[in-house]
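> coords please:
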Amino acid sequence: MRRRLLLLIPLVLFGVLAVFLYQGLSMNPSARDSALLAREFPAFELATLEDPEAMVDESLLKGQVTLVNVWGEWCPTCKQEMPQLLELAERGVRLVGVDYKDTRAKGQEFLKEFGNPFELNIFDPEGSLGFDLGVYGAPETFLVDADGIIRYHHTGYITPEDVEQVILPEVEKWRSE
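Numbering: from 1, shown residues only. The predicted structure follows:
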């Protein structure tokens, strides 16, 4: 009898482990919140994509509400998202790009081909700023308020519906704060 109970223990443990793994597989990783919400944008000092001699830091995000979009030439979804970013820029939303894990030439060619909605692009070839932001892929977008605090995080592609239903309302909310 005791021997049969000992044989059941691994089976029960396997069952418990299987339940936890199944729950993990059913989670949507794009629905996760950033650990940086309500915190200052991470400190950095990097060159711009346009000029390797022009260094910028987190102070460029202070003074007005800004969408910071992490993108890369290698990212097919970033190409799909570009019309929405161009529309946001046309509608008066300030955008700053982070060219993530890219080469300068490929990033510049991408913007020539798909358009450049960004006031400027931070060149992050090693992914150091992306790492500090907790980026695990592109595109990802962060809404930064006028004080340099991250207020919203959008993981993945910004759809046309997201522009109207999520992004613009969030921008307006933090502009009025």
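> next one: the host helix or strand of Glu81 to chain centre, how far?
Using DSSP states H and E, the element containing Glu81 is helix 76-90. Distance of helix 76-90 from the chain centroid (CA atoms, centre = their mean, to the nearest Å) equals 14 Å.
> which strands or helices does it pack on?
strand 66-71, strand 94-100, helix 104-114, helix 160-162 (3 or more CB pairs under 8 Å, 6 or more residues apart in numbering; DSSP states H and E). Every residue, glycine included, has its C-beta placed from N, CA and C.
> in the longest one, what's buried?
Okay, so that is helix 104-114. When neighbours are counted by 16 or more other CB atoms under 10 Å, the buried residues of helix 104-114 are found to be Arg104, Gly107, Gln108, Phe110, Leu111, Phe114.
> closest one of those to Pro42?
Taking CB to CB as the measure, Pro42 lies nearest Gly107 of these, at 20.6 Å.
> nearest spatial neighbour of the closest one, skipping sequence neighbours?
Spatial nearest neighbour of Gly107, excluding adjacent residues (CB to CB, 6 or more residues apart in numbering): Asp99 at 4.1 Å.
> one more: Ala54?
Thr48 (4.6 Å).
> likewise Glu170?
Tyr152 (4.7 Å).
> follow-up on the earlier one: any chance of the helices and strands packed on helix 76-90 in a markdown table, plus mean pLDDT and distance to Phe123?
Compiled in a markdown table, the helices and strands packed on helix 76-90 are given as follows (pLDDT from 0 to 100; distance: least, CB to CB, whole Å):
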| stretch | mean pLDDT | distance to Phe123 |
| --- | --- | --- |
| strand 66-71 | 98 | 12 |
| strand 94-100 | 98 | 5 |
| helix 104-114 | 97 | 6 |
| helix 160-162 | 97 | 26 |
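> export the ones you listed to CSV and tack on distance to Leu86?
Formatted as CSV, the helices and strands packed on helix 76-90 follow (distance: least, CB to CB, whole Å):
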stretch, distance to Leu86
strand 66-71, 11
strand 94-100, 9
helix 104-114, 8
helix 160-162, 12
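> closest to Thr141 out of the ones you listed?
strand 66-71 (4.8 Å).
> just give me the neighbour total for the residue nearest to Ala54.
By other CB atoms under 10 Å, the residues close to Thr48 number 20.
> again, but for the one 4 residues further on
By other CB under 10 Å, 10 other residues sit near Pro52.
> on that earlier part again, ok, the residue nearest to Glu170 - contacts?
For Tyr152, the contact set (CB atoms under 8 Å, 6 or more residues apart in numbering) comprises Leu37, Phe142, Leu143, Glu170, Trp174.
> sounds good, over and out.
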